[in-house]
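Participant: only geometry, no sequence info:
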């Protein structure tokens with residue numbers, strides 16, 4: 001849900017899920033890297049960062065195409081002081097519908113409402129830009145008054 005929250009979904013979460021492009025059997029590499037950075041290993045897919053942020057590592061996300069496909073479509077947003085690629089709301093919604101767990105289904109109304117608000121805002125911005133452009137063209141075509 002962290003990716004959705006970064007995109008405006010009004011929700012909270014206890015951890016951040018990070019999709020890792022490695023086979024799950026290579027989880028030790030990820031944990032060793034985290035440990036070298038000062039994280040505490042809590043489980044084979046969960047660490048606590050030095051500020052107690054919980055991170056859950058995912059090695060696949062059901063209902064979505066490949067990691068590389070989703071990475072190309074991702075948005076780069078600010079997270080933990082750096083720009084990080086995050087799944088788009090559409091992908092999060094698709095995965096939650098596919099998985100179908102009660103907690104995932106419970107998030108869907110908020111996710112879909114956030115997506116609808118974002119889409120409406122984008123459409124309004126596009127309409128305003130078109131309107132400004134038409135006004136500028138009209139002023140330019142009428143020329144100065146004599």
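Facilitator: Structure's in. What do you need? These figures come from a predicted structure and were not determined experimentally. Numbering: from 1, shown residues only.
Participant: Show me what the host helix or strand of residue 109 is packed against.
Facilitator: Take DSSP states H and E as the rule and residue 109 turns out to sit in helix 102-142. Taking 3 or more CB pairs under 8 Å, 6 or more residues apart in numbering; DSSP states H and E as contact, the helices and strands that helix 102-142 lies on are helix 2-6, helix 89-99. (Each C-beta comes from the backbone N, C-alpha and C, glycine too.)
Participant: does residue 38 count as helix, strand or coil?
Facilitator: coil (DSSP: H, G, I helix; E, B strand; the rest coil).
Participant: Need the three-state assignment for residue 34.
Facilitator: Classification of residue 34 using three-state DSSP returns helix.
Participant: who's in contact with it?
Facilitator: Applying CB atoms under 8 Å, 6 or more residues apart in numbering, we find residue 34 in contact with 41, 47, 49, 55.
Participant: Please tell me which one of those counts the most neighbours.
Facilitator: The residue in the contacts of residue 34 with the most neighbours, by other CB atoms under 10 Å, is residue 47 (24 neighbours).
Participant: what about the helix holding residue 109, average pLDDT?
Facilitator: For helix 102-142, mean pLDDT rounds to 85.
Participant: cool, and stretch 32-49?
Facilitator: 95.
Participant: in it, what's buried?
Facilitator: Neighbour-count burial for stretch 32-49 flags 34, 39, 45, 46, 47, 48 (criterion: 16 or more other CB atoms under 10 Å).
Participant: How about stretch 3-19?
Facilitator: Residues of stretch 3-19 classed as buried: 3, 4, 5, 6, 7, 9, 16, 17, 18, 19 (neighbour count, 16+ other CB under 10 Å).
Participant: got it, and stretch 18-28?
Facilitator: Those would be 18, 19, 20, 27, for stretch 18-28 by 16+ other CB under 10 Å.
Participant: Narrow the residues you listed to those in strands?
Facilitator: Per DSSP state E, strands hold the following members of these: 18, 19.
Participant: quick one: residue 134 from residue 128, how far?
Facilitator: According to CB to CB, to the nearest Å, residue 134 stands 11 Å off from residue 128.
Participant: I meant to write residue 45 there.
Facilitator: Taking CB to CB as the measure, residue 45 falls 45 Å from residue 128.
Participant: sorry, back to before: export the contacts of residue 34 to TSV and tack on distance to residue 118 and secondary structure?
Facilitator: Shown next, in TSV, are the contacts of residue 34 (distance: CB to CB, whole Å; DSSP: H, G, I helix; E, B strand; the rest coil):
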residue	distance to residue 118	secondary structure
41	36	strand
47	31	strand
49	29	coil
55	26	strand
